[in-house]
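Chemist: Provided below are the primary sequence and the corresponding predicted coordinates.
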Amino acid sequence: AQSVTQPDIHITVSEGASLELRCNYSYGATPYLFWYVQSPGQGLQLLLKYFSGDTLVQGIKGFEAEFKRSQSSFNLRKPSVHWSDAAEYFCAVGPLHTDKLIFGTGTRLQVFP
Amino acid sequence: ETGVTQSPTHLIKTRGQQVTLRCSSQSGHNTVSWYQQALGQGPQFIFQYYREEENGRGNFPPRFSGLQFPNYSSELNVNALELDDSALYLCASSFSSDGQETQYFGPGTRLLVL
């Protein structure tokens, strides 16, 4: 079955600390992977996506993610977290040429000053 | 800003009623998808429309239906509302660039069914 697992429901970090949010997927075909961020009361904003090529993907707001096929993972990282990064983060997988994304249940990030 | 708008922002209905949610996409975005996001969950794919035809459906009953119009607007209709339909409903539009879909989400409509 196709699925996305985000093992961490809630993560708390101090401002300036590094961050890694985990994402594991189960997908029968070549996966196309996405990370979205959702602030309270808002829709989803695309942070980055991986379709092919370099397995280290750079996104907006200083985020990056690394695709590891052998581990079926697509973890999101940021070297130094800002208070404004506090939000809900969703990993998603889907096939090329469609928008039928499968989302994980999300990781809520809390940032302390 | 994604250029995708949704209306209304909030809506309260009672069980058994019908509701229509609206989405307006960017010009040129010929694909629109609808998702349901229950509280504390990730979005779940309801269905997708491409050039006004349904192009895939998730695990949702037929009382969830949609329309897409030539002016890049679309609707999600839900009949016979149930309490479990309470959720944030997101639409997402996309275009194809170099064969890679880029999807943009609207802010959502929060539906409460009493």
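Modeler: Noted; the coordinates are in hand.

Chemist: CA only for contacts and neighbour counts going forward, please
Modeler: Noted.

Chemist: and the residue nearest the centre of chain A, how far is that from A:Gln110?
Modeler: The centroid of chain A falls nearest to A:Trp35 when counting by C-alpha atoms, centre = their mean (3.5 Å). Distance, A:Trp35 to A:Gln110, by C-alpha to C-alpha, to the nearest Å: 17 Å.

Chemist: Counting neighbours, what do you get for the nearest residue to A:Lys61 once chain neighbours are set aside?
Modeler: In space, and not counting its chain neighbours, A:Lys61 is closest to A:Leu47: 7.7 Å by C-alpha to C-alpha, 6 or more residues apart in numbering or on different chains. A:Leu47: 21 surrounding residues under other C-alpha atoms under 10 Å in any protein chain shown.

Chemist: ok, now which ones touch A:Leu47?
Modeler: By C-alpha atoms under 8 Å, 6 or more residues apart in numbering or on different chains, the residues touching A:Leu47 are A:34-37, A:59-61, A:63.

Chemist: Kindly recompute the last result at 7 Å.
Modeler: Counting by C-alpha atoms under 7 Å, 6 or more residues apart in numbering or on different chains, A:Leu47 makes contact with A:35-37, A:59-60.

Chemist: And the next helix or strand past the helix or strand harbouring it?
Modeler: Taking DSSP states H and E as the definition, one finds A:Leu47 inside strand A:44-50. Sequence order places strand A:56-58 as the next helix or strand after strand A:44-50, per DSSP H and E.

Chemist: So what are the sheet partners of that next one and their directions?
Modeler: In the sheet containing strand A:56-58, its partner strands are strand A:64-68 (antiparallel), by DSSP bridges.

Chemist: Understood, closing this out.
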